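>>> Turn this into a structure:
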Amino acid sequence: MNTTLLFMGIGTQELLFIALIILLLFGGKKIPELMKGLGKGVKNFKDGMNGVEENLKDSADKPENKEK
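Predicted coordinates for the structure are as follows:
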């Protein structure tokens, strides 16, 4: 049975093989630290994108040229 879990045709066997390689390279104690850092990075990225969206909305709401 060949099931595709992720994009680019990665199946369950490939996913397990990649997880095993990561476990061997970093060890069991470092993986939670890596995932925590990855989670913080994703959160910062999302916050940054939300800030950019808010700035764009604010600048679109304000009239650019006020004539006196």
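>>> count of neighbours near Leu34?
11 (other Cβ atoms under 10 Å). C-betas here are computed from N, CA, C, even on glycine.
>>> Could I get the pLDDT score of the nearest residue to it once chain neighbours are set aside?
In space, and not counting its chain neighbours, Leu34 is closest to Phe26: 6.4 Å by Cβ to Cβ, 6 or more residues apart in numbering. Looking at Phe26, its pLDDT stands at 85.
>>> roughly how far apart are Phe26 and Leu20?
12 Å (Cβ to Cβ, to the nearest Å).
>>> Ok, Val42 next?
Distance from Val42 to Leu20, by Cβ to Cβ: 24 Å.
>>> Quick one: list the elements packing against the longest helix seen in the chain.
What stands out as the longest helix in the chain, according to DSSP state H, is helix 30-61. Packed against helix 30-61 by the contact rule (3 or more Cβ pairs under 8 Å, 6 or more residues apart in numbering; DSSP states H and E) you find helix 12-26.
>>> Can you show me the CA trace of stretch 11-28 as CSV?
Extracted in CSV, the C-alpha atoms of stretch 11-28 (Å, rounded to 0.1, in the frame of the first residue of the first chain):
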residue,chain,number,x,y,z
GLY,A,11,5.2,8.3,2.3
THR,A,12,5.3,6.7,5.7
GLN,A,13,8.5,4.8,5.2
GLU,A,14,10.3,7.9,4.0
LEU,A,15,9.0,9.9,6.9
LEU,A,16,10.2,7.2,9.4
PHE,A,17,13.6,7.1,7.8
ILE,A,18,14.0,10.9,8.0
ALA,A,19,12.9,10.8,11.7
LEU,A,20,15.5,8.1,12.4
ILE,A,21,18.2,10.1,10.7
ILE,A,22,17.3,13.2,12.7
LEU,A,23,17.3,11.2,15.9
LEU,A,24,20.7,9.8,15.2
LEU,A,25,22.2,13.2,14.3
PHE,A,26,20.8,15.2,17.2
GLY,A,27,20.0,12.7,19.9
GLY,A,28,16.9,12.4,22.0
